[in-house]
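Peer 1: Could you look at this predicted model? Sequence included:
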Amino acid sequence: KDLVLKIALADDEWENEIKYLNKLTKYMKDNPKKDPLAPYIVGSFKIGKQGFILMQHAKNVYPKALKAIEWQKVGNKTPVTRLKLLPELKRAMKRLHKEVGIMHGNMHAGNVWFAEVPVGNEGKTKWKAYFADFGRSANYNVAKRFKKKLSNTHKYGLMMNKSIPLTIHDNITQDMMDDDDVMREYFAAAKNKGL
């Protein structure tokens, strides 16, 4: 009940996700006192053209959490409520980049999770951010040199201020979005909403 089996086409994006989940799992095992950044991977296998990844359920990343949900479901899908959590997302993203060396590459509100965890004994809580779906991830420093597709842009709905250029991923056939560009537009949207 604590694990999920992700089933997808066993393509380059599936292999890429396994690579980065293994890297994250190693980091989290080596740093057990730090907040987790993602579900851990248990294993992976292929049957024909199908790929399978057995991993921790995202709802169980923080075992003592009162609530663990996708960012898109925070605050009844109201962008303003979600955007108020940006400082915590920025903290987690900085750790993912600097401590683990991973660019997420597809940081929409369904791939970002938040857990509401108790703090102290007075009934106070704090939100903690973490990530799912690492199929478009890359080495952070290498990804900063990937070529931008200036003619092809994308925006994650009302969460971003404006569209940003997609980046050509060197290792998979899918394009990615630079995390720093996405965060800049998330904060610009928050500023436009008076946050």
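Peer 2: Okay, I see it. Residues are numbered from 1 along each chain as shown.
Peer 1: Summarise which helices and strands the lowest-mean-pLDDT helix or strand in the chain is packed against.
Peer 2: The helix or strand of the chain with the poorest confidence is helix 79-83; it has a mean of 78 (mean pLDDT, DSSP states H and E). If you count contacts as 3 or more C-beta pairs under 8 Å, 6 or more residues apart in numbering; DSSP states H and E, helix 79-83 packs onto helix 179-192. For every residue, glycine as well, the C-beta is placed using N, CA and C.
Peer 1: Okay, now the unreliable bits of this structure?
Peer 2: Applying pLDDT under 70 to the chain flags residues 76-79.
Peer 1: Tell me which residue lies nearest the centroid of it.
Peer 2: Central residue check for the chain by C-alpha atoms, centre = their mean: the C-alpha nearest the mean position is that of F131, 3.0 Å away.
Peer 1: Let me see the backbone angles for it.
Peer 2: When read as degrees, to the nearest 10, the backbone of F131 gives phi -130, psi 160.
Peer 1: which of the residues in stretch 1-16 are buried?
Peer 2: V4, K6, A10, E13, W14, N16 (16 or more other C-beta atoms under 10 Å).
Peer 1: now the end-to-end length of that stretch.
Peer 2: End-to-end distance of stretch 1-16: 26 Å, with C-alpha to C-alpha, to the nearest Å as the criterion.
Peer 1: Just the ones in strands from the buried residues of stretch 1-16, please.
Peer 2: V4, K6 (DSSP state E).
Peer 1: follow-up on the earlier one: state the distance from the residue nearest to the centre of the chain to G110.
Peer 2: To G110, F131 is 11 Å away according to C-beta to C-beta, to the nearest Å.
Peer 1: I47 too?
Peer 2: Using C-beta to C-beta, I47 is found at 26 Å from G110.
Peer 1: Between the two, tell me which one has more neighbours.
Peer 2: Legend: neighbour count by other C-beta atoms under 10 Å for I47 and G110, higher for G110 (14 against 9).
Peer 1: how about that one, secondary structure?
Peer 2: coil (DSSP: H, G, I helix; E, B strand; the rest coil).
Peer 1: Spit out the contact partners of it.
Peer 2: By C-beta atoms under 8 Å, 6 or more residues apart in numbering, the residues touching G110 are E70, W71, Q72, A132, D133.
Peer 1: residue ranges for the helices of this protein, please.
Peer 2: Assigned by DSSP state H, the helices in the chain fall at 12-30, 79-83, 86-95, 140-143, 179-192.
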